[in-house]
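In: turn this into a model:
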Amino acid sequence: MAEVNTNTEAKENNIPSRNFIENAIDKDLQEGVYDHVHTRFPPEPNGFLHIGHAKSILLNYGLAQEYNGKFNLRFDDTNPTKERSEFMDSIIADVNWLGADYEDRLFHASDYFDEMYENAVKLIKKGKAYVSTLSAEEMREYRGTLTEPGKNDPDRDRSIEENLKLFEDMKEGKVEDGAMTLRAKIDMSSPNINMRDPIIYRVAHMTHARTGDKWCIYPMYDFAHPIEDAIEGITHSICTLEFEDHRPLYDWVVRECEYANPPRQIEFAKMYLTNVVTGKRYIKKLVEDGIVDGWDDPRLVTIAALRRRGFTPESIRMFVELCGVSKAQSSAEYAMLEYCIREDLKAKAKRMMAILDPVKLVIDNYPENTTEMLEIENNKEVPEMGMRKLPFSRELYIERDDFMEEPPKKYFRLFPGNEVRLMNAYFVTCTGCVKDENGNVVEVHCTYDPETKSGSGFNARKVKGTIHWVDASSAVNAEVRLYENIVDEEKGVYNEDGSINVNPNSITVIKNAKLEPELANVTAGDKFQFVRNGFFCVDSKDSKEGSLVFNRIVSLKSSFVLPKN
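Out: Here you go, the predicted structure:
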C-alpha cells in the first residue's frame, strides 16, 4: 500500500492536503481494518433533497471514487407516514444528475425488515432488549435530563420469554399503536441520553409503499441504519455532525447484533447557506401555502429547484469543493454558489441578444423592406464556439433604459443627439422619440452611418456607448422570470413565531421579452447568456413550443470575491 502523506508533507511537496475523513480512511486501510472502501447515501424519502444533501452525495461518492471503491444509494424507508414515491423519484433524479453512479446498487431499508426483526429477537434472547408499556409522556419522565440520570423502566426486568411473547404480539397486530415499544437495554444512567434504553421498534398499523401490510411494527432509525450499513458491507458511514452523539448507539447495535467487520461512522459538519430555506418542514409549508409552485420552484435550493433554475452539476461540485470538509460548523454565502455557476457557464453558454423591457428603435434612413444578415460570435472568449448570423433591419427593439430624453452625466447610451454603436452592427445617432397619450416613450428614432458597419475596419471616430438589440420583424416573444431570494434578507429567514419572512419581490415575471430568432428552437434546460442581462435557462416545467419561458440563473456581475487560502 502507498505511503500516506501527512498534511505537513503535502504542503511541503505541493500536494493537495487531505481532509480529516481521508486521513481516517487512510489510517484504516494502512492498519488493515478494511481492505477496501464502500460508502453510501441513505436519504429518507420524505421530501426533496437540497444543496446540503448534494454535499453528502458528492462526498460519499467522491470517496468511493478516490479509493476505487463502491457507492450505494439506499432509501431509509422506515417511516411510512411521511414517505412518497414522488420523493423517491426526485431523489434518484438528483443523484443521477449530480453524476454519483451507484451502478446496480439501489437499496431500501425495507429490503432488510426481516433481518432487522430477527436482530431484535436476538437482542431479546441476549437480554439486551425488552418490551415497554410506558406511554410517550411517561417515557420522557423516566428518561432524565442532560444533568440527571434516567430511571429504569418498570418493564425493564421482564423475562426473556415474556418479552418474546409480547414482541410477537406486536408483530402479529395484537397491540394498538403506541401501547408498546421495544427498547434496547443499555444504561439509563448514561451521560449520553441516546444510550438510555432507546426505542428500537414501534407499533404502527400503516400500509408501507413496498411491503404493504406485511408489517405493523417498524424499526427506529438508530436501530435500522447501522444494520443496513452492516448488511451492505459499508466500510465508512459518513454522516453529518448531529449524529455524533448517536455513534455509541450505532456501534452498540452492530456489535450486539454480532456483525463481522462492522462499519465505522465518521461525522462532518453540515453545509449551511446564508439566508436560504433548507428545512423540509418549511419548504413543505411554502409549497402547501402556494407561495412557490412546488418543491422544484427555482427560488428554492432543493437540488431539483437548482436544476430547473439552470445550475449545472459541475457548478454544484465546484461549490462543494470550495466549501471543503471539516468538523467545524460554518456557513457559505449564496453569492459563492452564484460565482460557481458563472465560472462554469461563461465558457459554455452562447451569448445571445434578448431584450427584456423592449421599446422600438426605428432607423429612419435605413432602407425599408430590407434585411441583412450580420455575423456575430457565439462567445468571444471561446472562439471555437463559432459564429452565427443575425437579421438586422430598419426596425429593432432595444432595452427601454438604453434611451433617456434627459440623461444624467456619464450616461453614454441613446439620447437626442448622441451616437452609439449597435452591437455587431452600425453607429446610430438618436434624433428623438414618439410618446403615447400618457407620455410613455413608444418609439425611439435615429439615423445610421453605413460606413460604420462592425468588422469593416472603420476607425474614423469612436463612441463611448454600445447597446444590444433584436430585429423587430423576426423577434421571438418569450416570458422571462427574474428571481430574488425567497427570503427577505433584511429581516432574516424566520419570524419570531417560526414562520418565514417571504420576500414579496422574489419573482418578477416579464411577459413580452423579445429574443433573437435562433432562440425559437430551444429545448428545456438549454442555457444561454443574454447579453448584459445574465445567464438564463429554458424552464423545464412551464416552457412549451411557441410559449417559451426562461429563468434567470444569475446576473452577470457580483461583488463576491473568492476567498484566498
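
In: which element is the nearest residue to D296 once chain neighbours are set aside on?
Out: Excluding the flanking residues, the one nearest D296 by C-beta to C-beta, 6 or more residues apart in numbering is A304, at 3.9 Å. C-beta: built from backbone N, CA, C; applies to glycine. Secondary structure from DSSP states H and E places A304 in helix 303-309.

In: any chance of the backbone angles for the residue lying closest to K435 once chain neighbours are set aside?
Out: Using C-beta to C-beta, 6+ apart and skipping the chain neighbours, the partner closest in space to K435 is V441 (5.6 Å). When quoted as degrees, to the nearest 10, the phi and psi of V441 stand at phi -70, psi 120.

In: spit out the contact partners of V441.
Out: Going by C-beta atoms under 8 Å, 6 or more residues apart in numbering, V441 touches 359, 400, 403, 405, 433-435.

In: K125 too?
Out: Going by C-beta under 8 Å, 6+ apart, K125 touches 160, 164.

In: what's the answer for N96, then?
Out: Listed by C-beta under 8 Å, 6+ apart, N96 has no contact partners.

In: can you tell me the SS state at it?
Out: At N96 the chain is in helix, as set by DSSP: H, G, I helix; E, B strand; the rest coil.

In: hey, where'd the strands end up in the stretch 351-500 of the chain?
Out: Assigned by DSSP state E, counting those that start in this stretch, the strands in the stretch 351-500 of the chain fall at 354-355, 358-363, 371-377, 387-393, 395-399, 419-422, 427-435, 441-449, 466-467, 470-471, 476-483.

In: same list (those strands) but as JSON lines, adding mean pLDDT and distance to G150.
Out: What follows is the strands of the stretch 351-500 of the chain, written out as JSON lines (pLDDT from 0 to 100; distance: least, C-beta to C-beta, whole Å):
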{"stretch": "strand 354-355", "mean pLDDT": "98", "distance to G150": "65"}
{"stretch": "strand 358-363", "mean pLDDT": "98", "distance to G150": "70"}
{"stretch": "strand 371-377", "mean pLDDT": "96", "distance to G150": "72"}
{"stretch": "strand 387-393", "mean pLDDT": "97", "distance to G150": "72"}
{"stretch": "strand 395-399", "mean pLDDT": "98", "distance to G150": "68"}
{"stretch": "strand 419-422", "mean pLDDT": "97", "distance to G150": "77"}
{"stretch": "strand 427-435", "mean pLDDT": "96", "distance to G150": "79"}
{"stretch": "strand 441-449", "mean pLDDT": "97", "distance to G150": "76"}
{"stretch": "strand 466-467", "mean pLDDT": "96", "distance to G150": "73"}
{"stretch": "strand 470-471", "mean pLDDT": "98", "distance to G150": "72"}
{"stretch": "strand 476-483", "mean pLDDT": "97", "distance to G150": "49"}
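
In: hey, which of those is tucked in deepest?
Out: strand 354-355 (a mean of 28; mean count of other C-beta atoms under 10 Å).

In: packing partners of that strand?
Out: With contacts defined as 3 or more C-beta pairs under 8 Å, 6 or more residues apart in numbering; DSSP states H and E, the packing partners of strand 354-355 are strand 395-399, strand 507-515.

In: and the longest one, what's its mean pLDDT?
Out: Here strand 507-515 scores 97 as its mean pLDDT.

In: and that strand, which strands flank it?
Out: If you go by DSSP bridges, strand 507-515 pairs up with strand 354-355 (antiparallel), strand 476-483 (antiparallel).

In: of all these, which lies closest to T466?
Out: With C-beta to C-beta as the measure, strand 354-355 is the member of the strands paired with strand 507-515 nearest T466 (14.7 Å).

In: hmm, E490 and N503 touching each other?
Out: No. Counting by C-beta atoms under 8 Å, N503 does not reach E490; the two are 9.2 Å apart.

In: spatially nearest residue to V509, not counting backbone neighbours?
Out: For V509, the closest residue by C-beta to C-beta, 6+ apart turns out to be R481, at 5.6 Å.

In: any idea how far S558 is from the one you found?
Out: Plainly put, R481 is 19 Å away from S558 if you go by C-beta to C-beta, to the nearest Å.

In: ok, P358 next?
Out: P358 is 26 Å from S558, where distance means C-beta to C-beta.

In: now the helix or strand encompassing R247, how far from the chain's geometric center?
Out: Assigned by DSSP H and E, R247 falls within helix 247-256. A distance of 32 Å separates the centroid of the chain from that of helix 247-256, by C-alpha atoms, centre = their mean, to the nearest Å.

In: how about stretch 502-517?
Out: Put simply, stretch 502-517 sits 22 Å off its chain's centre (C-alpha atoms, centre = their mean).

In: contacting residues around R388?
Out: Contacts for R388 (C-beta under 8 Å, 6+ apart) come out as 350, 375-376, 378, 518.

In: got CSV for the residues you listed, with distance to F48 too?
Out: Formatted as CSV, those follow (distance: C-beta to C-beta, whole Å):
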residue, distance to F48
K350, 30
E375, 44
I376, 40
N378, 35
E518, 34
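
In: closest to F71 among the residues you listed?
Out: F71 has its nearest neighbour among the contacts of R388 in K350, at 34.7 Å by C-beta to C-beta.

In: average model confidence for stretch 547-554?
Out: On average, stretch 547-554 scores 98.

In: hey, C-alpha coordinates of it in PDB?
Out: What follows is stretch 547-554, C-alpha atoms only, in PDB (Å, rounded to 0.1, in the frame of the first residue of the first chain):
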ATOM      1  CA  SER A 547     -44.800  29.700 -25.500                       C
ATOM      2  CA  LEU A 548     -41.200  29.900 -24.200                       C
ATOM      3  CA  VAL A 549     -40.300  30.600 -20.600                       C
ATOM      4  CA  PHE A 550     -36.700  31.500 -19.500                       C
ATOM      5  CA  ASN A 551     -35.500  31.600 -15.900                       C
ATOM      6  CA  ARG A 552     -32.600  33.900 -14.900                       C
ATOM      7  CA  ILE A 553     -30.000  31.700 -13.300                       C
ATOM      8  CA  VAL A 554     -27.800  34.500 -12.200                       C
END
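
In: quick one: buried residues of that stretch?
Out: 548-554 (16 or more other C-beta atoms under 10 Å).

In: so which of the residues you listed are in strands?
Out: Those of these mapping onto strands are 548-554, per DSSP state E.

In: pick out the most distant pair among those.
Out: Farthest apart among those by C-beta to C-beta are L548 and V554. That separation is 19.4 Å.

In: where is the longest helix in the chain?
Out: helix 51-66 (DSSP state H).

In: now for that one, which elements pack on it?
Out: Using 3+ C-beta pairs under 8 Å, 6+ apart: helix 51-66 touches helix 20-30, strand 38-41, strand 70-75, helix 85-98, strand 236-240, strand 271-273, helix 303-309, helix 313-323.

In: any chance of these in TSV, plus mean pLDDT?
Out: As requested, the helices and strands packed on helix 51-66 are exported to TSV (pLDDT from 0 to 100):
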stretch	mean pLDDT
helix 20-30	97
strand 38-41	98
strand 70-75	98
helix 85-98	96
strand 236-240	96
strand 271-273	86
helix 303-309	97
helix 313-323	96
